[in-house]
Each structure stands twice: as C-alpha cells, then as structure tokens.
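1. Here is the input, now give the coordinates:
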Amino acid sequence: MGGADVTRIPFADMTGWRFQPDTGNLVHDSGRFFTIEGLRVHTDRSWVSTWTQPIIVQPEIGVLGIIVKEFDGVLHCLMQAKMEPGNVNRVQLSPTVQATRSNYTRVHNGAEIRYLEYFRRRPDTRVLVDVLQSEQGSWFLHKRNRNMMVEIFDDLPPHEDFRWLTLGQIRRLLRLPHMVNMDARTVLSCVPSAFSGPAMVAEIGIDDDSFTNEVRRSMSIEAPSLHPTSDVLSWLTDVRTRRELVQKRVPLHCVTEAGWLRTRTEITHEDGRFFDVIAVHVRSAAREVASW
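-> Okay, the predicted model is just below:
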C-alpha cells in the first residue's frame, strides 16, 4: 500500500484552495470537489431552534460500490484497504469503489479509479443493489451517494490493496473499532434484501446460531413484521410534515456572527464544541494522486 503522511497546515499554505474575497467561502480553483459555506438553520425544536454553522456543499452524487462474487458456493465481497486523511488509524476497510464525481472524472488529473467500470451497467454483471442514500446531514448539505452492489461472474484478480472477504469475515471485523468505514457499512446494510440464498445465510452466521436464525427470518418474504411497511412509511411522512426545518445558505463569513472564529489554521466555535474546519497536506502512495 505504501506510506502516507498527513500534516496540518495554515490555510495560506493550501494548494488549489482559497477563500473568496466577497463571501469568505472556501473553494477549489477548479470549481469542483466541494465548497465550505455558511448555513443558517431554523427549526421548531425546543432546546435550540436557530443556529448558523459552516457546511460542506457538494452537489455531486458519489459512488459507493461493492463487487461481489461467489467462490465455492460462498459469496465474497471485494473490499479495499483505503487510506483517508481523517481516519483515526489511517487505513480502514472500504467499499470496492468510494469516489465522488470529481474523483472519478479525474478533475485532480490523477489515476483512474480501480474497478469503476463494473458499476456502469456492464452486460456481464448483475446489479443487486442500486439506491441513493444521504450523507451525514450535520456536515454535508443535501449530499447523496449511490450505494451499489454488483455481482460478477468472470475472474477478477484483486489489486494488492483489495481482498475478497466473506460476509462472515466482514461481520467479525465490524466488531473491531475503526476497522470498517462508514461508507462500507452503508452499502453492507443493503445485504439482507439483496441475497437470500442458503450459502450466504450459512456464511454470515458463522458459529452464532441465534444470529443465523435472525438473518433467516429477516430474509424470508413471508416472515411476519411488527409493523407493515405502509405504516412505517406513513409514520415517517407524518413526522416530516409536522416538523419544521428551514435552511438558508449564507456566505461563510456570516458564521463569525454566530460564535465561529476563523484563525490562520482553523475555523472553530468559540465554545470549543461541535467541529473544526482545518487544512491538511497529504502525501500517499496509495491514492489516485500522490499529494494534495
């Protein structure tokens, strides 16, 4: 995989990124990737109903995809050991493909995303999962990702940063802190509705009979549920219509009026709470570009 180095730097030392003079928004010279802007929020909740915060604006839809293949009657997932600069332990188990549109269209002039072609409706594959899911709303504004699982039938020797893992192996790794990243978890959450064969049920259960039985019940079309799907959807719709949420994008410099401070190295709240916006310089031999 090669080494990686992540170093915090002052905003003035960023390459390709700048604060716009008129809005204070943090933007990339290409106009792509994402921007850091301000967001003013009003809700009807009782404890804090109005606030202003920095927010990541990234209207692109990313691809989070896992390739699956059956070996000797057992389904395996092609998982990636992926370095992200914000990871606690640098490298975590990730989907086969984890990329924004700016990444896979190579705005950074870097290498192509490995295995991306399998998520583009190839005739020799079978799409098992293909759904849009939202990104974390506390930091991203209306961000969505395309969560996919694609089954292949031909041989596919993995790159050194990728490994075929059974669902049972992944399940054991899920119990370890900081081992399986958030994006892999969102795609894997689609597994019960995607696979119903006995090989998967036997493998994912390993030696835990109670878990195996639970998975069997969840996969059975005739299994009774506590609430009908129509009731669950109606409940969610009712909550959405009764709650108030008004969001307004504002220039980033407006957040300073709401307790946020911008220094030469960070944007942080005066109370020391919530989150910080910082700049880092990254060097990695395992990514599409060597440094950014």
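2. Every contact and neighbour count from this point should use C-alpha atoms.
-> OK.
3. List the residues that contact Q80.
-> Residues in contact with Q80 (C-alpha atoms under 8 Å, 6 or more residues apart in numbering) are 93-97, 161-163.
4. Spell out, range by range, the helices that occur in the stretch 51-200 of the chain.
-> Under the criterion DSSP state H, counting those that start in this stretch, the stretch 51-200 of the chain contains helices at 101-104, 167-174, 182-188, 191-194, 198-205.
5. sorry, back to before: could you dump the contacts of Q80 into TSV and include neighbour count and distance to F71?
-> Output for the contacts of Q80, formatted as TSV (neighbours: other C-alpha atoms under 10 Å; distance: C-alpha to C-alpha, whole Å):
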residue	neighbour count	distance to F71
L93	23	21
S94	25	21
P95	31	19
T96	27	17
V97	28	21
D161	13	20
F162	19	16
R163	17	13
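6. could I get those residues as a markdown table with distance to K143?
-> Shown next, in a markdown table, are the contacts of Q80 (distance: C-alpha to C-alpha, whole Å):
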| residue | distance to K143 |
| --- | --- |
| L93 | 22 |
| S94 | 19 |
| P95 | 18 |
| T96 | 20 |
| V97 | 17 |
| D161 | 27 |
| F162 | 27 |
| R163 | 29 |
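7. Out of these, give me the two with the largest separation.
-> V97 and R163 (12.9 Å; C-alpha to C-alpha).
8. pretty sure F19 contacts N25?
-> Yes: using C-alpha atoms under 8 Å, F19 makes contact with N25 at a distance of 5.4 Å.
9. Of the two, give the one with the bigger neighbour count.
-> N25 (20 against 17; other C-alpha atoms under 10 Å).
10. what ranges do the strands span in the stretch 151-292 of the chain?
-> All strands of the stretch 151-292 of the chain, identified by DSSP state E, counting those that start in this stretch, fall at 162-166, 245-250, 260-262, 266-269, 277-284.
11. what stretches of the stretch 1-150 of the chain score poorly on pLDDT?
-> The stretch 1-150 of the chain contains residues with pLDDT under 70 at 1-3, 108-110.
12. Could you export the strands of the stretch 151-292 of the chain as TSV, including distance to V74?
-> Below are those laid out as TSV (distance: least, C-alpha to C-alpha, whole Å):
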stretch	distance to V74
strand 162-166	7
strand 245-250	46
strand 260-262	52
strand 266-269	48
strand 277-284	34
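13. The ones you listed: lowest mean pLDDT?
-> Mean pLDDT per stretch puts strand 277-284 lowest among the strands of the stretch 151-292 of the chain, at a mean of 92.
14. Show me what counts as buried in that one.
-> 279-284 (16 or more other C-alpha atoms under 10 Å).
15. Please enumerate residues in contact with that strand?
-> 2-11, 14, 85, 265-268, 290-292.
16. for that strand, the distance to its chain's centre please.
-> 19 Å (C-alpha atoms, centre = their mean, to the nearest Å).
17. got it, and stretch 251-265?
-> 27 Å.
18. Over to stretch 243-251?
-> Going by C-alpha atoms, centre = their mean, where stretch 243-251 is centred and where its chain is centred differ by 23 Å.
19. Kindly report the same for stretch 283-292.
-> With C-alpha atoms, centre = their mean, you get 19 Å for stretch 283-292.
20. Just the terminal-to-terminal distance for that stretch.
-> 7 Å (C-alpha to C-alpha, to the nearest Å).
21. go on, stretch 239-256?
-> Note: stretch 239-256 ends 33 Å apart using C-alpha to C-alpha.
22. Buried ones in it, by neighbour count?
-> 249-256.
23. from those, which ones fall inside helices?
-> Among the buried residues of stretch 239-256, DSSP state H puts none in helices.
24. Can you say which two of the residues you listed are spatially most distant?
-> R249 and T256 (14.4 Å).
25. sorry, back to before: nearest to E70 among the contacts of Q80?
-> Nearest member of these to E70, counting by C-alpha to C-alpha, is R163, at 13.8 Å.
26. was I right about that closest one contacting L78?
-> Yes: counting by C-alpha under 8 Å, L78 is a contact partner of R163 at 5.6 Å.
27. how about low-confidence regions in the stretch 151-292 of the chain?
-> In the stretch 151-292 of the chain, residues with pLDDT under 70: 192-224, 286-288.
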